[in-house]
Each structure stands twice: as structure tokens, then as C-alpha cells.
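Visitor: Just to be clear, the model below is a prediction. Sequence and coordinates:
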Amino acid sequence: MQQQYSFKLLPSEAANDAAVKEFISKTSGYKPETITGWNVLKRSIDARSKTVWTNLTVQAFINEPFEKRKLIHFDFKDVSKASKSTIIIGAGPAGLFAALYLVEKGIKPIILERGKDVRSRRRDLAVLNKEGVINPESNYCFGEGGAGTYSDGKLYTRSNKRGSIDRILHLFVYFGAEEKILYEAHPHIGTNKLPDIITAMRRKITECGGEFLFDSKVVDLVIKDEEIKGVRTASGVTFQANDYILATGHSARDIFYLLNDKKLLIEAKPFALGVRIEHPQSIIDNIQYHSPKRDDLLPPASYSLVEQVDGKGVFSFCMCPGGIIAPSATDNNEVVVNGWSPSKRNNPFANSGIVVQVEEEEVRGEMSSHVKSEMSKVKQGGPLALLEFQRMVEQRAFAAGGGKFVAPAQRMVDFAENRLSASLPECSYHPGLQSFEMLNVLPSFIGKRLQEGFKMFGKKMKGYYTNEAVIVGVESRTSSPVRIPRTTDGLHHPQVKNLFPCGEGAGYAGGIVSAAMDGERVAEMIFKRER
């Protein structure tokens, strides 16, 4: 028979099969020799008390042969001669998972990606980090896999109403991820492993007859009678299909401008903006595990923080234990930072975005009272107001850093107490740091809330508020500052019945898994409609 059992173990016990079997035996009442094996269903760390525990739920096999976990079967079809085709603009998580779903349903996907394949993209990232030279079409945001390829591979989401999280995780395992992502409380792949998985997805799509075209930036939509009749790329080639999925990500500003110029509905959408904070990982381990030295059986510690300041949330975003801060701008004259971790999370630093919610009303007040010299860049109101505000702050950060994507930075306590840092600690950000008073970069309503937020975080996590930590600016690409509306029944744009906006860029997702689910969701709608 098969039975589920849950128990709390020390990390050393959870890592020892003999100890786990003994716990199953004690919990079930069956002798150890009758237990033929088990599959882990859920595993998490509980560090709320001085003793750190591992919570484990298993499916045990008793008095019957053990069977390994059954994985979901995927039936990818030959679509090389399919009668229906869909153009997908963008090869991030939303676009890739939409394409895989369409292949399963017998519809041919044609993916147009403005950037390069993973291998070529890596070379452009090396030049960006070492020389401070950016390729606007191939960077941490644009290229095969989109921003998801180099965003750490965190697969945790609460968006289970939008699709099957389990199905998305099984697809990752199918293409090479470790099975542990199926049961870890906070599954993570690692930026070092994601490129191979993304490449495997592309190969499956093309092996099945789908098309995958790099260096194919879409610059125009041919619209007639409330339908797209084709899309034109920068090279002058026009591509046609039955339906069109817009999965361009939150940084494809040119697409927002294109839609606005064509008088297609788009809306300003609140987003979050702030800084990335970096501590030595040992400080976070000490705080979370209540010990000066982390047990080798425990993962590098993470945290999740949120406080209310002036009625607005100040919160951590995309926390990367054992991680690296990366330059995530998509154009010259702007500095944007983000974080990622390798699969082992074995770098000596822990970084996280600490951000504040940005809404249009406060932005208008900030612009009118503090940035009059920059008013020409930012329109009062309108669907692009928050996008222009985002760009303005990123350009301030670039100017403060002095060029070549050097980022402005300040020690945490110095920032909170309005002191210029005389020196900066070692940091994982490769282009380098420039000591700068961050209140002169950040909008005042964001900077002041961050100052209070850091002090409050220090009371919640003793040792967090320290000058050994450095804040690096700016963390501004948390989500899209624009939403592309779509109908509730058909998921297409209300003015164009065969255009399906999806993912982070359209304002319907926040992370790899939720973007992937949204891509599948619009692909499913296309399949139902075409059928």
C-alpha cells in the first residue's frame, strides 16, 4: 500500500535515508523492512526557532514494490505541415511555453525574437560586464529565454488560478531540470543551468516543425478590419499567420510606443521601484539560522520582508542568496540592476531588491515639485506616464554612476542617516560602484520610504541594518509600467481580435512560472478558437 506521512526532522536526519525510513516506520507503525521506498512530496526549511528543522512529506510504499515518481507525459506533435500557425513575438517564458502548448495541440508556432540565441547572448553579456558596452538587442532582458534566462530561475508563485503550476514544473523537468523542483517549497534552477534548459525547449519546437527566428525585431503591425494581417521586422520582412501572441516582456518599450502610435489601447500600470541591497551571505545566515556558522546541510539563507511606510508597502523582491547583482539595462544612458544566483547559490553575497510601490498620482506630484528640469521627458498622465518616469530615474542613475554602467551606491546606514559613504564594501556588481547620495537619484517619496523601511527591517531581523550592506541603484524593472488590455472571454486585445497580449510585458504575470502559465493560457484560447 501507499501512504502519505509528514514529519519534522533535523537537517542531518532529512539528509539520511536510514533516518527517514526510521521516521516512516515510527509514524506508520510498520517495520522498516516492509518499507520499500518513498517519494518526497514536499520539503521546506523551518528556521523560526533556535533549532532549524526540515519539514518533510513523503509518499511511502509499504509491502509493495517501490515506484519512482510518475512524471507528466507530453505529446509533442509534428506541426511542419500544420494548417494553422501562430506568430509569437518574444521568446521569454510566456512565448516559449505558449509555443510548446501549441505544438502539443498541432498548431505551428513561429517565434520572432529580437535578440540572439543563448550562446551568442553570453558573449554580449561578458562585454557588458567587463567593458560597459551594451547591445540594445542582446542583454540581460532580450534574447533567447528573455529576462527569465538570467533571472535566477526562481519558480515560486502564488498564481495557481491562472493555470497548472505542476504542469509548468514538470515541463522544466522534461527539459532537464532536477526533479527536486517538484517538491521544494521554493524551487530554484539557477542561472547557470537555465540556458541549457531553454536551448532544449527551442530544439524541441524546431524538431517538431516550429520556426524560431533570432535577430527578428518586430517594428510594425499590419492591421486591417480589426485583425492583424502581418508583422514587419526591422529587416523589412513581413510574416503572416492566423493568430499573433505578443509576449515581449516588461522592457520592450518600443512595443508600447508602437501600440500607442497606432492608437491601440494601453494603460499605465502601477509598478515598484527602489534599489538592490547586498549583504555578506554570512550575515543573513547568522540572522536566519541563529548561528555564527551555517550547517553545511542547510541552503544559504534567504528572507522576505514587507513593511508599511506612510500607508505604502516597502518590500523585498527577487531575493538571491549566494547571488550576484547584474546590469540589466536595455539601452545606453540608463542604469538598471537585478539579481541572480547559480544553482549552488555559493557566492559570498546575498542580494535582494527593496522596492516601493509606484502609482501615477504620486508620480505626478513628484514630477511637478522636484524634477521640473526633466518635465519635458515625462508626459502628465496618459498610458506611458509611468514608463517615462521609470526611464527618467534610470537615466539619473546612469549620470550618477559616471558612465559605462557603473552604478551609484551607498552603505545602508549612511543612506538611512543622510551621509555620503566615504568608502564602499566589496560588491558582486561587475561594472563597478560609485559612492553617491542615493536620495539625489531616487524620487523623494521612494527614497524616504526606503530609509524608514530599512530601519524597520533592522528591528525585525537583528543585524540586517548594518553599514556592511550596500544599496545599489536602481531596481526599476520589477514589472511592466504598462498594461495591454485584453478581453475576459477571449484574452485578445479588445480592438484586434487575433492579437493576444500575455506575460509580464502585457501586465498579466510576475515571474517565470506565472508568465509561462499565462502564455499557455492564451495558447489554449487560440487552440479552442481555431478548433
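Guide: Okay, I see it.
Visitor: May I ask which helix or strand encompasses the nearest residue to residue 14 once chain neighbours are set aside?
Guide: In space, residue 14 comes closest to residue 54 once its chain neighbours are excluded; the distance is 3.8 Å by C-beta to C-beta, 6 or more residues apart in numbering. Every residue, glycine included, has its C-beta placed from N, CA and C. If you go by DSSP states H and E, residue 54 is part of strand 53-62.
Visitor: so what does that strand touch, helix or strand wise?
Guide: Counting contacts by 3 or more C-beta pairs under 8 Å, 6 or more residues apart in numbering; DSSP states H and E, strand 53-62 is packed against strand 2-9, helix 11-14, helix 17-28, strand 35-46.
Visitor: Show me the one of these that comes nearest residue 95.
Guide: strand 35-46 (30.6 Å; C-beta to C-beta).
Visitor: Pass me the low-pLDDT residue ranges in the stretch 51-200 of the chain, would you?
Guide: In the predicted model of the stretch 51-200 of the chain, residues 152, 158-162 satisfy pLDDT under 70.
Visitor: Strands of that one, start to end?
Guide: Along the stretch 51-200 of the chain, the segments classed as strands by DSSP state E, counting those that start in this stretch run 53-62, 85-89, 108-112.
Visitor: pretty sure residue 154 is in contact with residue 512, am I right?
Guide: Yes: contact criterion C-beta atoms under 8 Å: residue 154 and residue 512 qualify, at 6.9 Å.
Visitor: Comparing those two, which residue is more hemmed in?
Guide: A side-by-side neighbour count of residue 154 and residue 512, using other C-beta atoms under 10 Å, places residue 512 first with 29 against 21.
Visitor: list the contacts for the nearest residue to residue 332 once chain neighbours are set aside?
Guide: Nearest in space to residue 332, with sequence neighbours left out and distances taken as C-beta to C-beta, 6+ apart, is residue 134 at 6.2 Å. Contact analysis of residue 134 by C-beta atoms under 8 Å, 6 or more residues apart in numbering lists 128, 327, 329-332, 405.
Visitor: Domain-wise, how is the chain divided?
Guide: 2-62, 85-266+482-530, 271-475 (automatic domain parsing).
Visitor: Show me the shaky parts of this protein.
Guide: Judged by pLDDT under 70, the stretches of the chain that qualify are 152, 158-162, 366-380.
Visitor: Buried residues in the longest helix along it, which are they?
Guide: As assigned by DSSP state H, the longest helix anywhere in the chain is helix 512-530. Neighbour-count burial for helix 512-530 flags 512-527, 529-530 (criterion: 16 or more other C-beta atoms under 10 Å).
Visitor: Please dump the helices and strands packed on strand 53-62 into CSV; it should also carry distance to residue 210 and mean neighbour count for every row.
Guide: Formatted as CSV, the helices and strands packed on strand 53-62 follow (distance: least, C-beta to C-beta, whole Å; neighbours: other C-beta atoms under 10 Å):
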stretch, distance to residue 210, mean neighbour count
strand 2-9, 39, 14
helix 11-14, 42, 17
helix 17-28, 42, 15
strand 35-46, 34, 16
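Visitor: okay, these in JSON lines with distance to residue 244 next?
Guide: Below are the helices and strands packed on strand 53-62 laid out as JSON lines (distance: least, C-beta to C-beta, whole Å):
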{"stretch": "strand 2-9", "distance to residue 244": "45"}
{"stretch": "helix 11-14", "distance to residue 244": "48"}
{"stretch": "helix 17-28", "distance to residue 244": "51"}
{"stretch": "strand 35-46", "distance to residue 244": "40"}
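Visitor: out of those, which comes closest to residue 240?
Guide: Closest to residue 240 of these is strand 35-46 (C-beta to C-beta; 46.9 Å).
Visitor: which helices and strands sit right next to that closest one?
Guide: Right, strand 35-46 is packed against strand 2-9, helix 17-28, strand 53-62 by 3+ C-beta pairs under 8 Å, 6+ apart.
Visitor: and if we set it to 6 Å?
Guide: In terms of contacts (3 or more C-beta pairs under 6 Å, 6 or more residues apart in numbering; DSSP states H and E), strand 35-46 is packed against strand 53-62.
Visitor: Please give the element, helix or strand, for residue 230.
Guide: Using DSSP H and E, residue 230 falls in strand 227-233.
Visitor: what angle separates that strand from strand 108-112?
Guide: 50 degrees (axes from the mean of the first three to the mean of the last three C-alpha atoms, to 10 degrees).
Visitor: Partner strands of strand 227-233, with direction?
Guide: According to DSSP bridges, strand 227-233 forms sheet pairs with strand 218-224 (antiparallel), strand 238-239 (antiparallel).
Visitor: Would you convert these into TSV that also reports distance to residue 485?
Guide: Listed next are these as TSV, based on distance: least, C-beta to C-beta, whole Å:
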stretch	distance to residue 485
strand 218-224	16
strand 238-239	24
